[in-house]
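Engineer: Predicted coordinates and the sequence they were generated for:
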Amino acid sequence: MTINGFFIKRIIRRLLAAEDHGIEVNRAIADEFLKYAVGFFKRIVSAKLDNQDVTIDWYETELLSSSLPKEDVSIHAGLNMKTINNAHNTTRKEIVLDASIEYYHELKEIIKTLIEQNDVDISLTIKFQGVSVDLNIKESLIVINTLAVKQSAINGGMWSTVGKQVEKPLMITLCALFQVPTKYYDQKDLPDSVRESDFYLFDPNRVACRCEVKLQGKGNPEGPDSAFARGSSLLVGRTLSDTMKSEMDKANIHWVELRTEDGWKKLGNILNKLSIPCQPYPDHRDLQEDLENILTEILSDDIQTSVTPIIKEAGSELLIELD
């Protein structure tokens, strides 16, 4: 799953304004899901029309076909790829196809039992460009289940993607607001062993200070306590409990909580404690105007090819000089 720079910018603006960034994420989830649903209904119409005179399981023939991508087959069968991976420790196509077919047959039995035990009737009529197809109760429930699984997969995938792709642009933006010279946070020379989602600050002696960003979105199993396991010097989080703050204070881990008004400004004091050159952010400045200049410098509005924005001419200079 990918998100574009325009979306990342909107989330960063919300985070630094102590606003709920989930509004943006949920909007993106809805957009992704509705686009999928329309496309899926089109495939349903085509698949059923292709087999309208054949007394076979048209859904299995057309939508669980080995010619389709394994990700499509698993969702059509009502299975999330993560579920298959957890069960079989692999996502090889033949395993995915077998697991999907097996589950699809089990799902049909579940639906059959449900219909027998309940006096219920559901039917869907799908119309597309003047063509109409009717789905009986079994077919309707299979389609509804597929859409539910897809929505869940999009939900988890979007929150995870947002976490990965917002972390570094957010940290670079904060460094720029506090006028940290780029050489103290440039990420280009990090060793290959470093996780893609980590962010590092460097003091004048090039001692690395590991930073964690935890927006605590759905689909991200890691909580703020990962800062302890990874020996982090700083944790920037959307929401931190009082207990977590106390534990981090005891462990000498600096923290910033973004949900409090101007909570991000605490980072200025932390940078001083870490001996990283910086300047306080003046109260009189227009934050949104500064964000516009910074975010335009590090992100285009297009889909991002990397989670690490490229800092032009990284060195002792400032990314953006706040006059």
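Structural biologist: Done, it's in.

Engineer: Relative to Leu174, how far out is His254?
Structural biologist: Remark: distance between His254 and Leu174 (Cβ to Cβ, to the nearest Å) = 13 Å. No exception for glycine: its C-beta is placed from N, CA and C like everyone else's.

Engineer: any low-confidence regions in this protein?
Structural biologist: By pLDDT under 70, the low-scoring segments of the chain are 52-55, 191-197, 216-227, 229, 313-316.

Engineer: pull the longest strand from it.
Structural biologist: Ranked by residue count, the top strand of the chain under DSSP state E comes out as strand 208-214.

Engineer: Please save the CA atoms from stretch 261-277 in CSV.
Structural biologist: In CSV, the C-alpha atoms belonging to stretch 261-277 read as follows (Å, rounded to 0.1, in the frame of the first residue of the first chain):
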residue,chain,number,x,y,z
GLU,A,261,-1.2,21.7,22.7
ASP,A,262,2.3,22.7,21.5
GLY,A,263,3.6,19.4,22.9
TRP,A,264,6.1,19.2,20.0
LYS,A,265,7.9,22.3,21.4
LYS,A,266,9.3,20.2,24.2
LEU,A,267,11.7,18.8,21.6
GLY,A,268,13.7,22.0,21.8
ASN,A,269,14.8,21.4,25.4
ILE,A,270,15.5,17.7,24.6
LEU,A,271,17.8,18.7,21.7
ASN,A,272,19.8,20.9,24.1
LYS,A,273,20.1,18.1,26.6
LEU,A,274,21.4,15.8,23.8
SER,A,275,24.0,18.5,22.8
ILE,A,276,22.5,18.9,19.4
PRO,A,277,22.8,22.5,18.0
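
Engineer: Show me what counts as buried in it.
Structural biologist: Going by neighbour count (16 or more other Cβ atoms under 10 Å), the buried part of stretch 261-277 is 263-268, 270-271, 274, 276.

Engineer: Select from those residues every entry located in strands.
Structural biologist: Among these, no member falls in strands (DSSP E).

Engineer: Now do the nearest residue to Asp134 once chain neighbours are set aside against Asn51, distance only.
Structural biologist: Nearest non-adjacent residue to Asp134, counting by Cβ to Cβ, 6 or more residues apart in numbering: Thr125, 5.2 Å away. According to Cβ to Cβ, Thr125 and Asn51 sit 17 Å apart.

Engineer: Counting neighbours, go ahead and name the busier of those two.
Structural biologist: Asn51 (14 against 9; other Cβ atoms under 10 Å).

Engineer: Buried residues of stretch 9-24, list them for me.
Structural biologist: 9-17, 21-22, 24.

Engineer: Give me the distance between the two termini of it.
Structural biologist: 11 Å (Cα to Cα, to the nearest Å).

Engineer: any idea how far it is from the chain center?
Structural biologist: The chain centre lies 14 Å from the centre of stretch 9-24; the measure is Cα atoms, centre = their mean, to the nearest Å.
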